[in-house]
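Peer 1: Need coordinates for the below:
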Amino acid sequence: MQDLRIPENKVNAVKSELHALFPHYWIYISTAITIGAANQDEQDRHYRFTTLTALDSHYFPPATHLSLHPGSSKGPKRGGARKPPTAGRSVAINTKTKTGGSLHIINLYQFTTNDGGQQDVVTVWGLINSWINRHPGERVILIGDMNGSTPGGRHNYAHPMEKNLVEADVRLAKFCADSKRTISSPTEHTSKRGHKCAKLDHGISWNFHLASQRAVFNHVAHQRFDHAILSFSLPAEEFSKKPQPARRQLALTDRIDAVFFQNHLRAWQDAAQDKMLPASKENDGDTLMAMQRADQEVMKDEVLKLQLREAKARRRAKERQPGRSKEQTAVRHKYSFLAAAYVDAVDHKDGERTTVATDRAFEHMGLRSTSDGARRVIRGMPRWAEALRSEIKKHRDLLTKLEEKQHKNDSRKKASAQQFIFEFGIKGVRRVLNKYSKATAISEVYWECPIGFRWA
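Peer 2: Below is the predicted model:
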């Protein structure tokens with residue numbers, strides 16, 4: 001993904017949110033701010049360039065960042081510090097294939113040729129070409145918006161930009177010739193803006209084959225993009241999907257956990273009370289002994305059932321990503337469609353149909369019976385956007401409270417187990433050994449025993 005405009009101080013927060021939504025993906029982000037009057041948006045704010053690459057962890061191991069420029073950067077100051085011209089414009093990473101070989105992936109958002117960007121285009125192509133020459137024989141994939149087209153790939157472009165566009169196309173062709181590679185482009189146009197269309201997004205590979213080129217546009221009403229989603233197929237023999245580990249059966253035990261039993265005494269009493277044998281007037285000793293043993297077995301079975309249920313819950317908690325309890329997931333889903341509805345409220349065209357997220361927001365606000373026409377009118381009102389902001393803030397605060405509550409519960413359970421170990425495993429042993437004179441601190445729970453076990 002490219003041109004996301006993420007501020008540098010928000011990169012870690014965005015990564016955390018993406019990891020929470022898509023826990024099976026590795027996320028890599030490069031961002032930079034541009035300085036100068038020529039690099040401002042319609043609101044006179046300095047433009048931020050952000051490029052993001054995500055790898056499916058089922059097929060790719062963790063990757064490491066690559067540097068396309070040797071030594072220190074000597075470029076102009078960007079964002080108050082000297083950064084290379086590729087900052088925010090590219091993400092270069094190194095990962096592994098099934099056979100253990102290296103695979104370099106470069107996600108590039110090339111400069112445009114207008115507003116004096118010709119020299120930046122030459123610089124970026126030169127950096128990538130030099131890097132390729134320093135790594136001969138290695139497998140590399142270069143993919144992204146290269147702002148250059150193949151011959152015959154532009155339609156309905158005219159002066160005064162035609163000369164600059166021809167120069168961009170020539171530089172792209174020269175880069176491919178210098179690096180001795182050919183472009184893999186889809187048959188469809190990848191960029192549409194008004195009546196203009198062009199093939200600007202491509203894939204280039206070295207010692208690696210790209211096939212099944214395809215470009216698909218996103219036609220969602222509230223998500224308007226002028227570039228298509230570019231896709232290629234990679235050799236299946238190079239990547240094997242990581243099998244999901246089979247869930248191990250919990251080992252049944254007849255031993256009662258003393259810490260668990262003490263913390264769940266009330267639940268055990270409620271479960272065992274209804275299954276105990278009723279009072280009997282029998283006077284025979286053998287019969288009374290048999291009834292007592294039966295009651296003991298019932299009490300033991302009930303506590304073992306509670307232990308097994310708790311063990312299954314702990315296993316599910318370990319398999320679940322942090323912050324993904326049922327209650328947190330439900331709140332996060334509501335937060336997601338409220339945020340999408342807010343985007344539709346502040347960035348929609350007159351007459352557009354309301355999105356699914358907006359319809360769900362109306363249901364959430366208790367306006368299920370509102371007609372489509374009324375919803376379109378309400379969507380354009382400032383008070384609707386203000387109400388959505390208020391609801392979004394409520395759900396964000398609720399997620400924070402749920403996370404704090406979860407953390408407190410975990411801390412309480414850990415402290416309870418440590419306190420039991422301290423009372424009966426350390427102080428209790430010293431009582432048995434008649435060592436009352438030595439002072440004992442709870443910090444000893446964390447110490448290692450002479451035989452190598454650790455209490456916590």
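Peer 1: Going by C-alpha atoms from here, please, whenever you check contacts or count neighbours.
Peer 2: Will do.
Peer 1: where exactly do the helices run in the protein?
Peer 2: Listed in chain order, the helices of the chain (DSSP state H) span 11-21, 118-134, 162-179, 258-263, 265-273, 285-319, 326-346, 356-364, 372-379, 382-420, 428-432.
Peer 1: which outside residues touch the third one?
Peer 2: Residues from elsewhere that reach helix 162-179, judged by CA atoms under 8 Å, 6 or more residues apart in numbering: 112-114, 118, 121-122, 125, 129, 132-133, 146-151, 182-183.
Peer 1: Put the buried members of those into a ChimeraX selection.
Peer 2: Remark: buried members of the contacts of helix 162-179, expressed as a ChimeraX selection using 16 or more other CA atoms under 10 Å:
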select :112,113,118,121,122,125,129,132,146,147,148,149,150,183
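Peer 1: Show me this protein divided up by domain.
Peer 2: 8-238, 326-432 (automatic domain parsing).
Peer 1: A294 is nearest to which of these?
Peer 2: domain 326-432 (29.8 Å; CA to CA).
Peer 1: Let me see the mean pLDDT of that closest one.
Peer 2: Summarised as a single mean, pLDDT over domain 326-432 is 85.
Peer 1: related to what we said a few turns ago, let's have the domains of the chain in JSON lines, adding distance to D284.
Peer 2: Below are those laid out as JSON lines (distance: least, CA to CA, whole Å):
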{"stretch": "domain 8-238", "distance to D284": "64"}
{"stretch": "domain 326-432", "distance to D284": "40"}
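Peer 1: Can you tell me which of the ones you listed is nearest to L265?
Peer 2: The nearest among the domains of the chain, by CA to CA, is domain 326-432 at 14.0 Å.
Peer 1: List just the one of the helices of the chain that sits closest to K196.
Peer 2: Checking those against K196 by CA to CA gives helix 162-179 as the closest, at 12.3 Å.
Peer 1: tell me which residues in that closest one are buried?
Peer 2: By neighbour count on 16+ other CA under 10 Å, the buried set for helix 162-179 is 164-166, 168-173, 175-176.
Peer 1: which one of the residues you listed is nearest T95?
Peer 2: Nearest to T95, judged by CA to CA, of the buried residues of helix 162-179 is C176 at 23.6 Å.
Peer 1: do you know how far that closest one is from M299?
Peer 2: As judged by CA to CA, to the nearest Å, C176 and M299 stand 77 Å apart.
Peer 1: what does F239 give?
Peer 2: For F239 relative to M299 (CA to CA), the value is 53 Å.
Peer 1: separation between H395 and K413?
Peer 2: 27 Å.
Peer 1: ok, the two, which is more surrounded?
Peer 2: Taking other CA atoms under 10 Å, H395 and K413 do not tie; H395 has more neighbours (19 against 12).
Peer 1: Which residue comes closest to that one once chain neighbours are left out?
Peer 2: Y335 (6.0 Å; CA to CA, 6 or more residues apart in numbering).
Peer 1: rewinding a little: which stretch among the domains of the chain comes nearest D270?
Peer 2: Nearest to D270, of the domains of the chain and by CA to CA, is domain 326-432 at 21.4 Å.
Peer 1: Off-centre distance for that closest one?
Peer 2: 17 Å (CA atoms, centre = their mean, to the nearest Å).
Peer 1: Count the neighbours of R353 for me.
Peer 2: 15.
Peer 1: I'd guessed it sits against R376; true?
Peer 2: Yes. If you go by CA atoms under 8 Å, R353 and R376 touch, sitting 7.2 Å apart.
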